[in-house]
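> got a sequence here, can you model it:
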Amino acid sequence: MAPIVLVVDDDRSVHFIVSKIAQTVNCEILSAYDGEHGWQMIRELHPDMVLCDWVMPKMDGLELCHRVKQTPDTASTYFIVFTSKVQREDRIAALEAGAEEFLNKPVDPIELQARLKTGLRIVSYQQKLEHLSLTDELTGLPNRRAFTNDIARELYRAERKKDPLALLLLDVDDFKTVNDTHGHNVGDILLSVVGKAIKKAFRRSDMSYRIGGDEFAVVLPDGDIPAEPVKERLAVALADHNEPGLKGIIPRVSVGFHVKGPNETIAVEEFLHLADEKMYEDKRSRKADKPLQQRAEVATAKS
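Residues are numbered from 1 along each chain as shown. Okay, here's the model as predicted:
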């Protein structure tokens with residue numbers, strides 16, 4: 001996907017120049033013609049970079065830059081200010097507002113092209129680092145930090161649009177026994193199998209995470225569905241693995257599933273608590289199941 005660059009300027013000739021240059025640096029250009037419109041587009045579309053004039057109607061470029069940099073969801077946006085102001089104090093003011101670059105008007109196409117290339121390289125590097133910081137290395141799923149960010153955002157979105165939102169929490173049954181009996185390498189294989197089963201069992205629009213140890217979570221937008229079909233899909237995906245490294249161990253999980261209704265308002269902590277309670281209810285209801293070692297022996301005998 002090409003990086004997105006938003007141009008915010010009331011001078012249409014600037015948009016024309018930047019659009020021509022964008023063709024040489026492989027990015028998509030969006031346009032806004034005043035600061036307020038630019039702020040709305042930044043919040044909704046999250047462009048990778050903003051090129052912004054200083055002097056504009058409704059909201060000037062420095063105020064827009066300050067808002068972007070003070071808002072957590074947009075603070076990492078690469079911001080370039082251009083203007084006809086040339087005093088040293090003006091440059092300092094732009095940098096203090098949070099701008100990464102400062103370019104003089106009239107815009108020099110060659111200099112702008114060089115600054116765009118440099119900025120996009122920096123943005124790409126930052127995004128790779130951010131991806132690594134939000135990804136669980138073992139399963140390839142997003143990690144707890146990503147989950148914490150996303151669940152708050154999805155809950156806000158669902159409440160604003162009056163949509164249902166479902167949360168599934170699960171942990172792996174007898175995981176400590178696996179580690180103690182077969183070693184941590186087999187435990188890692190088990191977690192990897194569970195991660196793959198989760199990816200397989202849910203829709204592309206659902207968001208799956210490993211949130212720590214043997215605990216996983218799935219956020220299901222528009223998830224106003226019964227719990228049992230969801231659990232059944234997951235059980236089928238778990239049973240369908242062909243990983244010989246599990247040594248006959250049958251992966252089993254305890255699942256908690258809670259749906260926030262379309263007109264319901266709920267805090268993140270309460271949402272998590274309700275799903276967590278249902279997960280432990282599920283775990284308590286399986287205490288009569290055969291211990292994991294017995295299940296493994298049965299599976300081995302059948303193979």
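> in the chain, where is pLDDT below threshold?
Along the chain, the model assigns pLDDT under 70 to residues 287-303.
> can you give me the helices for it?
12-25, 35-45, 61-70, 88-96, 109-133, 144-161, 175-182, 184-201, 227-239, 268-285, 292-302 (DSSP state H).
> buried set for stretch 95-106?
97-103, 105 (16 or more other Cβ atoms under 10 Å). No exception for glycine: its C-beta is placed from N, CA and C like everyone else's.
> tell me which two of those residues sit farthest apart.
G98 and K105 (19.9 Å; Cβ to Cβ).
> re earlier: let me have the helices of the chain in CSV, extended by distance to G212.
Converted to CSV, the helices of the chain look like this (distance: least, Cβ to Cβ, whole Å):
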stretch, distance to G212
helix 12-25, 40
helix 35-45, 31
helix 61-70, 31
helix 88-96, 39
helix 109-133, 15
helix 144-161, 5
helix 175-182, 12
helix 184-201, 11
helix 227-239, 19
helix 268-285, 13
helix 292-302, 21
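> so which of the ones you listed comes closest to P3?
Comparing those against P3 with Cβ to Cβ, the closest turns out to be helix 109-133 (5.6 Å).
> circling back to that earlier point, pick the one among the buried residues of stretch 95-106 closest to R153.
Checking the buried residues of stretch 95-106 against R153 with Cβ to Cβ, the nearest one is G98 at 22.4 Å.
> measure the closest residue in space to that closest one that isn't next to it in sequence to A97 for me?
Counting by Cβ to Cβ, 6 or more residues apart in numbering, G98 lies nearest to K69, which is 3.2 Å off, once chain neighbours are set aside. With the distance defined as Cβ to Cβ, to the nearest Å, K69 ends up 7 Å from A97.
> what about the closest residue in space to S205 that isn't next to it in sequence, distance to A114?
Leaving out its chain neighbours, the residue that sits closest to S205 by Cβ to Cβ, 6+ apart is P221, at 5.9 Å. Distance of P221 to A114, computed by Cβ to Cβ: 41 Å.
> out of the two, which sits in the busier spot?
P221 (16 against 13; other Cβ atoms under 10 Å).
> list the contacts for that one?
By Cβ atoms under 8 Å, 6 or more residues apart in numbering, P221 lies in contact with 154, 157-158, 163, 165, 205-207.
> need those residues in a markdown table (columns: distance to I17 and neighbour count).
A markdown table is the format used below for those (distance: Cβ to Cβ, whole Å; neighbours: other Cβ atoms under 10 Å):
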| residue | distance to I17 | neighbour count |
| --- | --- | --- |
| E154 | 39 | 19 |
| R157 | 36 | 12 |
| A158 | 41 | 23 |
| D163 | 41 | 17 |
| L165 | 44 | 25 |
| S205 | 39 | 10 |
| D206 | 43 | 18 |
| M207 | 39 | 19 |
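> how many neighbours does the residue nearest to G98 have?
Neighbours of K69 (other Cβ under 10 Å): 16.
> thought it was touching A75?
Yes. With contact defined as Cβ atoms under 8 Å, K69 reaches A75; the gap is 5.4 Å.
> for the residue nearest to G98, give me its contacts.
75, 77, 79, 97-98.
> tell me the one of those residues nearest D276?
Among those, and counting by Cβ to Cβ, the member closest to D276 is A75, at 31.1 Å.
> next up, phi/psi of the closest one, please.
phi -60, psi -30 (degrees, to the nearest 10).
> now do the contacts for it.
Contacts of A75 (Cβ under 8 Å, 6+ apart): 68-69.
> same question for the one 10 residues further on.
Contacts were defined as Cβ under 8 Å, 6+ apart; by that measure K85 touches 54-55.
> likewise for D10?
D10 touches 33-34, 53, 56-57, counting by Cβ under 8 Å, 6+ apart.
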